[in-house]
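Student: Here's a sequence, model it:
(one chain, ligands or ions: 2)
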Amino acid sequence: MLLMPYERKEIAPEKIREQEEICRRIFDRVTADGGRPLAMVDTYGCQQNEADSEKLRGYLAEMGYGFTQDEFQADVIVVNTCAVREHAEMRVLGNVGALNHSKKARPGQIIAVCGCMVQQEHMAKKIKLSYPVVDLVFGPHELWRFPELLERVMQSGKRVFAAEKDLGAVAEGIPQKRDGSVKAWLSIMYGCNNFCTYCVVPYVRGRERSRRPEDVVAEARALVAAGYKDITLLGQNVNSYGKDLDCGVDFADLIRMVNDIPGDFLIRFMTSHPKDATEKLFKTMAECEKCAHQLHLPVQAGNDRILKAMNRSYTRQKYLDQVALARRYMPDLVLTTDIIVGFPGETDEEFADTLSLVEQVRYDAMFTFIYSKRVGTQAASMPDPYTRADKQKHFDALTELANRISGEKHREYEGKTLRVLIDGETGREEYNLSSRTNGGRLVHLKGDPSLIGQFAEVTITSSNTWALYGEIVTRTTDH
Ligand code: SAH
Ligand code: SF4
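Tutor: Numbers count the residues shown, from 1 in each chain. Ligands and ions are numbered 1, 2, ... in the order given. As a prediction, the model looks like this:
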């Protein structure tokens with residue numbers, strides 16, 4: 001079923017209006033006694049999940065809920081889960097199990113578990129059988145009808161499970177309650193068609209489907225008008241944007257359309273699959289003054305046999321050529337990547353190719369993972385003779401190399417003056433503000449919190465593996 005051809009589906013606007021109508025009914029129900037009910041949304045995993053949680057909070061706010069981080073204060077708890085690695089799933093299960101305590105202390109508390117983890121049949125079953133504390137389970141495809149599902153639990157007092165197999169749809173108009181006021185996530189597409197052999201995402205998130213360019217641009221415009229200064233366009237593979245729409249707009253065109261919105265703000269995006277990052281994209285990034293010179297280009301491995309076994313559809317050489325091309329257009333490009341260590345059957349020699357690729361590319365930062373077997377993926381049935389200890393050795397060697405290079409790259413910033421966007425407080429006394437360079441590197445600063453949301457020129461005074469430290473020279477824009 002999952003490999004069936006996908007026909008694009010859109011959720012009709014009336015259906016979202018119906019959900020908002022249900023929100024109003026829930027509002028009347030939960031605020032009837034004059035109190036202010038509270039909800040807690042706990043998010044695991046990627047930025048797409050962060051963006052989805054902003055929609056869950058949007059609906060909850062319409063239902064009259066305020067928000068808390070304390071499970072003992074919450075009337076509704078929603079745990080938005082991740083399935084990419086086993087580690088994330090174990091954390092979710094541990095934390096959901098522990099909600100027994102809050103539910104005992106607060107009878108009537110409703111606990112919902114949603115997201116990618118429960119879109120896997122075996123996990124939905126596990127929760128059904130072993131986690132009676134959970135009242136509602138729904139997969140990513142059901143998020144648009146969360147109010148309806150929650151109302152069903154409230155009315156029936158019974159457990160509700162809604163994580164049917166589906167290839168996904170596009171739903172516009174879901175209310176959002178955003179986390180920050182400076183940086184915003186903007187989903188431009190959902191799902192993935194790539195079926196990398198280790199990855200569960202295409203099974204749980206459905207097929208690639210793009211939002212219409214006019215909807216993306218309208219949302220970006222609204223974000224800019226609301227004062228957001230840093231907009232990250234999100235998709236599992238943004239380079240496939242528009243392919244399912246046939247409207248003649250590809251990802252590079254979309255960047256240009258967002259870039260044309262008046263205002264002083266930055267455009268970032270993730271993730272780009274190297275198999276189809278184009279010269280047009282790099283040229284557009286270089287030409288659009290609001291587009292950050294930052295590229296997250298996950299390589300996963302440096303050896304051709306492993307790349308083929310992963311079904312990544314590019315070779316080491318093609319990847320290196322792309323990096324060279326991107327850097328030709330943007331000599332100041334900040335480049336980051338994801339790497340998986342210990343893919344089934346990866347030998348010492350094959351791993352050495354990953355190390356040499358990293359030495360050659362010299363990433364600004366890397367996200368490294370030990371391979372995690374995912375139920376139902378092709379790699380799960382590949383022979384895997386190496387032990388966890390072998391993989392850990394490789395992982396440690398890679399981390400050490402990544403840290404050394406990040407440290408060296410950060411040192412090159414010292415003494416330079418550059419433009420940053422001040423985006424928050426660190427909670428620490430000495431360097432109380434955090435900011436990001438155009439390329440997305442973290443800079444700690446000292447200054448008045450009223451500067452949050454402003455661009456500033458800073459001189460970098462010191463650095464370490466993880467961050468830069470600087471002094472503000474001038475503010476460059478006002479709110
Ligand atoms: N769509 C994005 C990645 C989504 S998952 C892309 O293709 O780049 C984020 C990262 O998790 C991946 O890049 C990969 O490095 C890692 N990952 C995915 N599945 C994994 C698995 N089974 N084990 C370990 N790491 C995995
Ligand atoms: Fe997973 Fe590959 Fe799709 Fe990324 S491109 S989400 S790694 S299948």
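
Student: interface residues of the stretch 1-150 of the chain facing ligand 1?
Tutor: 84, 85 (CB under 6 Å from any ligand atom). In short, each C-beta sits where N, CA and C put it, glycine included.

Student: Tell me where the stretch 1-150 of the chain is predicted with low confidence.
Tutor: Within the stretch 1-150 of the chain, the ranges that satisfy pLDDT under 70 run 1-4.

Student: in it, which spans are helices?
Tutor: 13-30, 47-62, 86-105, 116-119, 121-130, 146-156 (DSSP state H, counting those that start in this stretch).

Student: Does the closest residue to ligand 2 within the stretch 301-450 of the chain lie in a helix or a strand, and which?
Tutor: Nearest to ligand 2, among the residues of the stretch 301-450 of the chain, is residue 312, at 7.5 Å (CB to the nearest ligand atom). Secondary structure assignment for residue 312, by DSSP states H and E: no helix or strand.

Student: shouldn't it be in contact with residue 302?
Tutor: No: at 11.3 Å, residue 312 and residue 302 do not qualify as touching, with contact defined as CB atoms under 8 Å.

Student: quick one, phi/psi of residue 463?
Tutor: phi -160, psi 170 (degrees, to the nearest 10).

Student: again, but for the one 4 residues further on
Tutor: Per-residue torsions, residue 467: phi -150, psi 170 (degrees, to the nearest 10).

Student: Quick check: the gap between it and residue 321.
Tutor: Using CB to CB, to the nearest Å, residue 467 is found at 31 Å from residue 321.

Student: got it, and residue 456?
Tutor: Distance from residue 456 to residue 321, by CB to CB: 37 Å.

Student: ditto for residue 282
Tutor: Residue 282 sits 12 Å away from residue 321 when distances are taken as CB to CB.

Student: Which one's more surrounded, the two?
Tutor: Relative neighbour count places residue 282 above the other of residue 282 and residue 321, with 21 against 13, counting by other CB atoms under 10 Å.

Student: What is the helix or strand where the more buried one lies packed up against?
Tutor: Using DSSP H and E, residue 282 maps to helix 279-287. Contacts defined by 3 or more CB pairs under 8 Å, 6 or more residues apart in numbering; DSSP states H and E place helix 279-287 against helix 251-259, helix 316-329.

Student: Which is the succeeding secondary structure element to it?
Tutor: Helix 279-287 is succeeded, C-terminally, by strand 294-296 (DSSP H and E).

Student: quick one: contacts of that following strand?
Tutor: Residues outside strand 294-296 that contact it (CB atoms under 8 Å, 6 or more residues apart in numbering) are 268, 270-272, 277, 285, 326, 333-338, 438-440.

Student: can you list the weak-confidence ranges in the stretch 301-450 of the chain?
Tutor: In the stretch 301-450 of the chain (pLDDT under 70), no residue qualifies.

Student: Spell out which parts of it neighbour ligand 1.
Tutor: So far as CB under 6 Å from any ligand atom goes, the stretch 301-450 of the chain lies against ligand 1 at 338, 340, 369, 371, 372, 374.

Student: Of the residues you listed, select the buried ones using a ChimeraX command.
Tutor: This is the ChimeraX syntax for the buried subset of these, where burial follows 16 or more other CB atoms under 10 Å:
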select :340,369,371,372,374
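
Student: quick one on the thing from earlier: tell me which of the helices and strands packed on helix 279-287 sits most buried.
Tutor: helix 251-259 (a mean of 21; mean count of other CB atoms under 10 Å).

Student: Next, the angle helix 279-287 makes with it.
Tutor: Following axes from the mean of the first three to the mean of the last three CA atoms, to 10 degrees, one obtains 20 degrees for the angle between helix 251-259 and helix 279-287.

Student: and helix 251-259, is it in reach of ligand 1?
Tutor: No: using CB under 6 Å from any ligand atom, helix 251-259 stays clear of ligand 1, coming no nearer than 13.9 Å.

Student: Close to ligand 2: what parts of the chain are there?
Tutor: 192, 194, 195, 196, 199, 201, 202, 236, 237, 273.

Student: Pull out the buried residues from these.
Tutor: 192, 194, 196, 199, 201, 202, 236, 237, 273.
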